[in-house]
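Engineer: dropping the sequence and predicted coords here.
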Amino acid sequence: MSDTLAMGGYGAYVWSSFGLTLIVLIICVVQGARRHRTVFKDVKTRIRAMESNQ
Amino acid sequence: MSSQDTRRPGILSGFLAVIRRDVLLAWKRPGDVLNPLFFFAMVSTLFPLAIGPSPEQLRFSGPGVVWVAALLATLLSLNSLFLSDHEDGSLDQLILSPQPLPLLALAKALAHWLTTGLPLVLVSPLIAVTFQMPAGSIDIMMLTLTFGTISLSLLGSIGAALTVGLHRGTALLSLLILPLAMPILIFGARTVSLSAANDAVAAGIYLLAAYCMLALTLAPFATAAALRISNE
Amino acid sequence: MWTWFHKLASPPHFYGLAAKMIPWFAIPGILLVAYGTYAGLFAAPADYQQGDAFRIIYVHVPAAYLSMMTYMVMAISAAIGLIWRIKLSHAVAAAAAPLGAWFTFLALITGSIWGRPMWGTWWEWGDPRLTSQLLMLFIYFGYMALRAAIDDPAKADKASGILAMVGAVNIPIIHFSVEWWSSLHQGATLVREGGPAMPVEMLYPLLMNIFGFTFIFGALLLGRIRTEVLFRERRKRWVHNLVFPDGAQA
């Protein structure tokens, strides 16, 4: 187990690279989903406001 | 544009008229020409002041410094390429005129070079001498700067057309143009370095000339398209 | 055939279709990357020159490849939007840009981390690919900055479209010039992936990851295009019906 972690002495470099990749991918997913929800909510609010103004 | 012609102005006369107008405007406002030149000289001065006056360092960094200073000075002057036209409405006239807009865009870019790039090239030997550049390299430097500043005026006119009238246009213009201008900087500065080291410069000169040709043929179309979009 | 294409360009139709397509991209992508990463980390033999550090290749190369591919997607869809005036195409370009910037950033960081044990420094100007990637990042930022600076959305689409196309012409030139520039500098150690020829056991995880990441990119892009479309069409009837399906306000 410690062998795989050590990666021949380069462990910190290898694992941080893969870790960062995972983090960036997760950020992309979360950011995208959040923005979508925000846009959806804003559209809803706006339509409600428009229709209650009529 | 000329009141003497009763026929419609031709393509060449339209082209020349735009160049003549911009050069005359710059002549009437010498600051437009002198400010970038002073900027060029001052930026070149910054480096020895910041890094130290040792002759070897100067000789080593000379080509790069001159080129970076030329790049920055040109960028600074690009923002106003279409700005005054945009403000007083002559940009609309330019777009509506019967001559092909890419041709007029080319004229604007060349006029810009005549009033910014060309003076820069002519002043560059003075800067080069302060950097202990050998005489043979100064010729090469002027040649590379000529091709380079023409390319920059053309490439920059695209950026200027895209950002005309935008809030904080200058910074945005620089951000857009700088990465795209890297090849010009690389080919130009490195060729001068090679010349100072008595290495072969043919490759760099050809590359610069090729880029210049590409810019001359393609940039006007992009600038024209950008002008139409920005002016809507 | 054209009716299919026309339907594809219709925002409401695309919105629904994209939702269905996302799992078809996400799941194969995740599986491919999972297997490729596992194989790359544990199954592939260590490089004779770089030891286990070379394994970073399995994330660095996909990121670098995607940063280029995303730019192509961006430039081509911008061109399609400008030439054929298809609004959806502009939405694709807008959606692709942030993803491209992220991948470029990832390529830079993993490249730098990889370089540390190899060159001894966190940054090596002499490596042409690292420098090229840096310039790519600036180009992405410029594109997004131009979009943000223009208020009118149609104008922003067109102006950034021109910029994307100008960039597309310039990027090969930039790559070439940086290669030329670094080749003049003696002693620049180019990072050769795994040596002159990659053995199969090293190669197949790389290919799996490249494909896998591309699929994941596809899923991410489809999601973001949907959001763009939703935002751009927010005043249209079909969006009203989407948000309040029964016509009544919930």
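Structural biologist: Looks like it came in fine. Numbering: from 1, shown residues only, chains lettered A, B, ... in the order given.
Engineer: residue 25 sits in which helix or strand?
Structural biologist: You didn't say which chain, so I picked chain A. When elements are assigned from DSSP states H and E, residue A:25 belongs to helix A:11-53.
Engineer: my bad, chain C
Structural biologist: helix C:11-38.
Engineer: and the helix holding residue A:25, average pLDDT?
Structural biologist: Throughout helix A:11-53, pLDDT has a mean value of 92.
Engineer: so which elements touch that helix?
Structural biologist: helix C:57-84, helix C:87-119, helix C:200-232, helix C:237-243 (3 or more C-beta pairs under 8 Å, 6 or more residues apart in numbering or on different chains; DSSP states H and E). Yep, even glycine has a C-beta here, placed from its N, CA and C like the rest.
Engineer: relative to helix C:87-119, how tilted is it?
Structural biologist: Counting by axes from the mean of the first three to the mean of the last three C-alpha atoms, to 10 degrees, helix A:11-53 lies at 160 degrees to helix C:87-119.
Engineer: run through the residues of chain C sitting next to chain B.
Structural biologist: Proximity of chain C to chain B (C-beta under 8 Å from any C-beta of the partner chain) is limited to residues C:135-136, C:138-139, C:141-142, C:145-146, C:149-150, C:152, C:155, C:158-159, C:162-163, C:165-167, C:169-170, C:173-174, C:176-178, C:180-181, C:184.
Engineer: show me what the lowest-mean-pLDDT helix or strand in chain C is in contact with.
Structural biologist: In chain C, no helix or strand scores lower on mean pLDDT, DSSP states H and E than helix C:2-9, which sits at a mean of 76. For helix C:2-9, the surrounding residues in contact (C-beta atoms under 8 Å, 6 or more residues apart in numbering or on different chains) are C:13-14, C:17, C:86, C:88-89.
Engineer: mind doing that once more with 6 Å?
Structural biologist: C:13, C:86, C:88 (C-beta atoms under 6 Å, 6 or more residues apart in numbering or on different chains).
Engineer: ok, back up a step: what comes up buried for the helix holding residue C:25?
Structural biologist: When neighbours are counted by 16 or more other C-beta atoms under 10 Å in any protein chain shown, the buried residues of helix C:11-38 are found to be C:11-12, C:14-15, C:18, C:22, C:25-26, C:28-29, C:32-33, C:35-37.
Engineer: same deal with stretch C:157-175?
Structural biologist: Residues C:157-168, C:170-171, C:173-175 are the ones in stretch C:157-175 that count as buried (16+ other C-beta under 10 Å).
Engineer: restricted to helices, list these.
Structural biologist: Cross-referencing these against helices under DSSP state H gives C:157-168, C:170-171, C:173-175.
Engineer: now the residue in chain C that chain B sits nearest to. Nearest residue, chain neighbours left out?
Structural biologist: Going by C-beta to the nearest C-beta, chain B is nearest to residue C:177 of chain C, at 3.7 Å. Using C-beta to C-beta, 6 or more residues apart in numbering or on different chains and skipping the chain neighbours, the partner closest in space to residue C:177 is residue B:183 (3.7 Å).
Engineer: re the thing from before, would you turn the contacts of helix C:2-9 into JSON lines with pLDDT?
Structural biologist: Output for the contacts of helix C:2-9, formatted as JSON lines (pLDDT from 0 to 100):
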{"residue": "C:13", "pLDDT": "92"}
{"residue": "C:86", "pLDDT": "92"}
{"residue": "C:88", "pLDDT": "95"}
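Engineer: residue B:227: which of the residues you listed is nearest?
Structural biologist: residue C:86 (23.0 Å; C-beta to C-beta).
Engineer: please name the residues that touch that closest one.
Structural biologist: With the criterion set at C-beta under 6 Å, 6+ apart, residue C:86 makes contact with C:9, C:80.
Engineer: excluding its backbone neighbours, what's nearest residue C:144?
Structural biologist: The shortest distance from residue C:144 to any non-neighbouring residue, by C-beta to C-beta, 6+ apart, is to residue C:97 (5.4 Å).
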